[in-house]
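1. My questions concern the predicted model and sequence given below.
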Amino acid sequence: MKNQSNLNSLLPVPREVRLGCGRMEVRGLQSIHCAPGLERFLEVWQRAFAYFGVRLQRTGTSEAGAVIALDTRLPAEGWRLEVENERLHLYGGSPAGIFYGTGALKQLLTIAFSKGLQGVHDLDCGTIIDEPRYAWRGFMLDSARHFQSVDKVKELIRHLADYRINVLHWHLTDDTGWRIPSRIVPKLKSLGTLEYGQYTRAEIRDIVRYASEHFIRIVPEIDLPGHSRGLLQAYPHLACNTDEPGREYCLGSAETKQFIIELLGEVAGLFPESDVIHIGGDEASTENWENCSRCRRAMEEKGIDSFRALEAQFMGEVSREIAQLGRRAMMWATDWGVGPDTIIQGWRSLFDISNAFERGSDMVFSVHHHLYFDYPESAGEPSANWMPLLPEETVYATDPRVHVGPEVDGKMLGVEACLWTETVPQWRVIPKTLSRLPAFGELAWSFGENRDWYDFTGRKQRLEACGYNSVRDGVRMLLPDGMQAR
Ligand code: ACM
Ligand code: ZN
C-alpha cells in the first residue's frame, strides 16, 4: 500500500515519487516563468491556478515560484515535477513531456483544493519522475461503420489526450463507409449503399492539427484487400467479378493495383505528418480470387501455390509502396504474414503476437478480448450476442509482457484499444470509451510493477470525488487571466 501523500494521487500512476520534507502552500506561489517556446503551457498553468483563485504573474526570471522548462536529459515524453517549500518546477524532455506534466498538475491542484477554498491548500514536498512504458499508446476509432462529426472526433481527442494516448488509428474505409475525400473515387460521396458522411480535406486538416496540439499523431487506415464492398459496388471493375463484386479487390488486375497506388498517394497527401499508414489486411475471403482467371494467372506467373500466398505478396507490394511514400506500413495480423518492416497489430489471439514475434515484426497489442472497446461492460448493454464481456478490470489486468512473455518487450511498440462502431452510433462513442479509458491509459503509460488494481480504483475514485472532471473542463474554458474563475 502506497503512503497517503497527496503526490500519490495521480492517474496514470507515475514511474517514481520521491517524498521530501514539509509542504508547499499552493496559494504562496505568485509568479511563473517559462522557457522560450513553452508559452502555451504557461497560459494553461495560469488558467489552472486561476480556477482556484490563485493569480500567477508572469516574470522573466527563473527565480519565479513556478517554472516550466525543458530538460533534454529526460526521455522525450518524460517529465519531472519538483515540489519544494515555495517552488514548483516542471521539466519536460520535450513539449510532450510538459503537456503530460501539466495534466498531472491539474490533478494535484484538484486534490490540494479538495477541502474547499478556505484554509490550507498544500502539496507534499517531493519529486515526481515520470516516463511512459510504451511509445505506442493507441486508440482506434472506426468512423466507417458509423460516422462521427468533426466535433465528436475532437471531443474524443481531448479525452484520449487526458490519458496520454498518443496515436489515433483512424479506420476510414470499410464495406459500408468511405470517409475520405478522393479524386479517384468521386462516386463514393453519393452512393446509396454507404452510410452517409465524408470528411472534407479542410476537416481532415483541422482534425490532424487538433490532434497534434494534443500530442496525438494520426495513423489513417485504408482496409485492403477485403472490407471494401461499397467501393466495389461503385467501381466493380476493381473486383474479380463485375456482376457480383463482393468485398475483395482483384489481386490479379494491373488496373486495380494502379488504383491502389494512386489511392495511397492520396492518403499520404491527406495525412502529410502520418509516419505510419495502416493497410488493413483482415478477414479477406479467397472465394472470389479462386474463381477469377486474372488472380489464377497472377499466381501462376509468380510461381506460388496458394491464394493466401498471393494475398501476402499483394500486401507486401502495398507495404513497399507505402515505404516509397516515406511511411511505414501497418497491418492487422494474418496467419501468412508480410515482410518484417510492416508493423503487425495482433487482434485475434495471443498467437498473433507470438507469430509476429517469430517473424521479427514490430507489434502492437490489441487482442480483442482484452482491448476491443465495442464489447459490452455489462449484460444488457447494446452489443452483438457473440461479444464477450469486457469490464474495466479485464482491461486493467492486460499486460503483453505477462500474457506473451518478457521476450517480446523490445518488439512490442505498445498497446491499442479499438472502438469498432457496428453497434456504436455517434452518441455512444464517448461513453463507451470513457468508462475503460483510465484503465487503458494506465496500462499504456505506467510500468507494470507500479500498477495495482486497488490502488488504481482508489486514485480514480478520489479524483472523481474531488471534482477533477469539472476542474479539467473548467480550466479548458477559462480565459488566460481568468480571475472570473468559478
Ligand atoms: C478486426 O477486428 N477485423 C481487425
Ligand atoms: Zn481477381
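-> That came through fine. Ligands and ions are numbered 1, 2, ... in the order given.
2. Same question for the closest residue to ligand 1 within the stretch 101-250 of the chain, what's its three-state structure.
-> Closest contact between the stretch 101-250 of the chain and ligand 1, by Cβ to the nearest ligand atom, is at His227 (7.7 Å). For every residue, glycine as well, the C-beta is placed using N, CA and C. Assigned by DSSP: H, G, I helix; E, B strand; the rest coil, the conformation of His227 is coil.
3. Now do it, the pLDDT please.
-> Looking at His227, its pLDDT stands at 97.
4. Compute the number of surrounding residues for the closest residue to it other than its chain neighbours.
-> Sequence neighbours aside, Asp174 is the residue nearest to His227 in space, at 4.9 Å (criterion: Cβ to Cβ, 6 or more residues apart in numbering). Asp174: 28 surrounding residues under other Cβ atoms under 10 Å.
5. Likewise for Thr61?
-> Residues lying near Thr61 (other Cβ under 10 Å) number 8.
6. ok, Val415 - contacts?
-> Applying Cβ atoms under 8 Å, 6 or more residues apart in numbering to Val415 gives the contacts 134, 136-138, 364-366, 371, 398, 400, 440, 443-444.
7. ok, now Arg428?
-> By Cβ under 8 Å, 6+ apart, the contact list for Arg428 reads Pro382.
8. can you give me how far the helix or strand encompassing it is from the chain middle?
-> Using DSSP states H and E, the element containing Arg428 is helix 426-434. Computed by Cα atoms, centre = their mean, to the nearest Å, the chain-centroid distance of helix 426-434 equals 15 Å.
9. a strand runs through Cys125, doesn't it?
-> Yes: the assignment for Cys125 is a strand, going by three-state DSSP.
10. and the residue nearest to His227, what are its bridge partners?
-> For Asp174, the beta-bridge partners under DSSP bridges are Gly177.
11. Report the beta-bridge partners for Ile344.
-> For Ile344, the beta-bridge partners are Met331, Met363 (DSSP bridges).
12. Please list all residues in contact with it.
-> Contacts here follow Cβ under 8 Å, 6+ apart; on that basis Ile344 touches 330-333, 337, 352, 356, 359, 361-364.
13. Among those residues, which one is most surrounded by other residues?
-> Val364 (29 neighbours).
14. mind listing which of the contacts of Val415 are in strands?
-> In this view, these that belong to strands under DSSP state E are 136-138, 364-365.
15. gap between the nearest residue to Tyr468 once chain neighbours are set aside and ligand 2?
-> Spatial nearest neighbour of Tyr468, chain neighbours left out: Thr110 (4.6 Å); criterion: Cβ to Cβ, 6+ apart. Applying Cβ to the ion, to the nearest Å, the value for Thr110 to ligand 2 is 59 Å.
16. Next up, the contacts around Glu266.
-> 180, 182-184.
17. Let's have those in JSON lines, adding distance to Met315, pLDDT and neighbour count.
-> Putting the contacts of Glu266 into JSON lines (distance: Cβ to Cβ, whole Å; pLDDT from 0 to 100; neighbours: other Cβ atoms under 10 Å) gives the following:
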{"residue": "Ile180", "distance to Met315": "20", "pLDDT": "93", "neighbour count": "22"}
{"residue": "Ser182", "distance to Met315": "20", "pLDDT": "90", "neighbour count": "19"}
{"residue": "Arg183", "distance to Met315": "24", "pLDDT": "89", "neighbour count": "9"}
{"residue": "Ile184", "distance to Met315": "20", "pLDDT": "90", "neighbour count": "12"}
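18. which one of these sits closest to ligand 2?
-> Comparing the contacts of Glu266 against ligand 2 with Cβ to the ion picks out Ile184 as the nearest, at 19.6 Å.
19. Is the closest one in a helix, a strand, or coil?
-> What three-state DSSP gives for Ile184 is coil.
20. Just the pLDDT for whatever residue of the stretch 301-450 of the chain ends up closest to ligand 2.
-> In the stretch 301-450 of the chain, the residue that lies nearest ligand 2 is Leu310 (9.3 Å; Cβ to the ion). According to the prediction, Leu310 has pLDDT 97.
21. Any chance you could list what contacts the helix or strand in which it is found?
-> Leu310 is part of helix 307-324, with elements assigned from DSSP H and E. By Cβ under 8 Å, 6+ apart, the list of residues contacting helix 307-324 from outside reads 224-225, 251-252, 257, 260-261, 264, 268, 277, 279, 281, 284, 286, 289-290, 295, 298-299, 302, 304, 328-329, 331, 334-339, 341-342.
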